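Participant: Dropping a prediction and its sequence here:
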Amino acid sequence: NASRAMQNAGGVLEVMLKDVDLKSETRVGDELLKPGSYVKIAVADTGCGMDKEVLERIFEPFFTTRNVDEGTGLGLSVVHGIIKSHDGAIAVSSTPGEGTTFEIFLPKIGSVEIQEPEPSGQHAKEKEVILLVDDEEVMVDVTKQILDRLGYEVIAKTNSVDALEAFQDEPGKFDLVITDQVMPNMTGTQLAEKLISIRPDILIILCSGFPENVTPEQLESIGVKEFILKPITRQEIAKIIRRVLDKSAATA
């Protein structure tokens, strides 16, 4: 975002990191942080800046000032969700014509190496194929690595339309579909409806960082088997996948 803001006239980009001790509850952006030790990351540019109307909507999914072919506008909403899930906060200040500063606060922890235990009894059984759909390439790469290590065969798509075409070509190939909800062209629930219309018994897990976008009643009416709130750990996704697949096998 800073690079784009300075692409015409150039400018200065600063990235700063410092320890911060909050003595009392402190509001940062739309979050009220508890007292404690935090790490503050500040990213400041001398670009074009933003007006009040843009600032008020900057963390909304799909809100963007870019052209249609330059991005989906999901970057900052995803960043906001990840920071919030780590009990942190993000704030932004900007002046048109002068520049923008983002400040991120994350709780400070000691440098303890944590080895995540290997999920027990939650690996793939025989050859199980998963269609993975998410328009964020980073999320696709990370999730695919997790599923690969669990022994699943993963077909990954970063476009819901491409995912639908892959399913239409070989509907019997897939044991499970894991799809994000907030995507351009077609949302996860819209994709789920189309997949189920092609193959009513297909198992679908829906993922989202924004639980308010869907309701349990909506998911049940569509036929979605599970809902995963992002971010999720390796153990959690392994457990949910096995629960969905094993429950289906038991009732087959």
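Facilitator: Arrived safely. Everything quoted here is computed from the prediction, not taken from an experiment.
Participant: Which secondary structure element is home to the nearest residue in space to residue 93 that is not next to it in sequence?
Facilitator: Ranked by Cβ to Cβ, 6 or more residues apart in numbering and with sequence neighbours excluded, the top spatial neighbour of residue 93 is residue 101, at 5.2 Å. (Glycine included, C-beta is placed from N, CA and C.) Counting by DSSP states H and E, the element that carries residue 101 is strand 99-107.
Participant: can you list contacts of that strand?
Facilitator: The list of residues contacting strand 99-107 from outside it, by Cβ atoms under 8 Å, 6 or more residues apart in numbering, reads 1-2, 5, 11, 20, 28, 33, 36-47, 49-50, 83, 86-94.
Participant: List the pairing partners of it within its sheet, with orientation.
Facilitator: strand 36-45 (antiparallel), strand 89-95 (antiparallel) (DSSP bridges).
Participant: I'd like to know which helix or strand in the chain has the lowest mean pLDDT.
Facilitator: Within the chain, no helix or strand scores below helix 2-5, which has a mean of 63 by mean pLDDT, DSSP states H and E.
Participant: any idea which helix or strand comes after that helix?
Facilitator: Heading C-terminal from helix 2-5, the first helix or strand you meet, by DSSP H and E, is strand 13-22.
Participant: And that following strand, what's buried?
Facilitator: For strand 13-22, a neighbour-count test (16 or more other Cβ atoms under 10 Å) marks residue 20 as buried.
Participant: Just the CA atoms of it, as PDB, please.
Facilitator: Taking Å, rounded to 0.1, in the frame of the first residue of the first chain, the C-alpha atoms of strand 13-22 are listed here in PDB:
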ATOM      1  CA  LEU A  13       9.100   4.700   3.700                       C
ATOM      2  CA  GLU A  14      10.000   4.200   7.400                       C
ATOM      3  CA  VAL A  15       9.500   0.900   9.300                       C
ATOM      4  CA  MET A  16      10.000   1.200  13.100                       C
ATOM      5  CA  LEU A  17       9.900  -1.400  15.900                       C
ATOM      6  CA  LYS A  18       9.900  -0.600  19.600                       C
ATOM      7  CA  ASP A  19       8.900  -2.100  22.900                       C
ATOM      8  CA  VAL A  20       5.900  -0.400  24.600                       C
ATOM      9  CA  ASP A  21       4.600  -0.900  28.100                       C
ATOM     10  CA  LEU A  22       0.900   0.100  28.600                       C
END
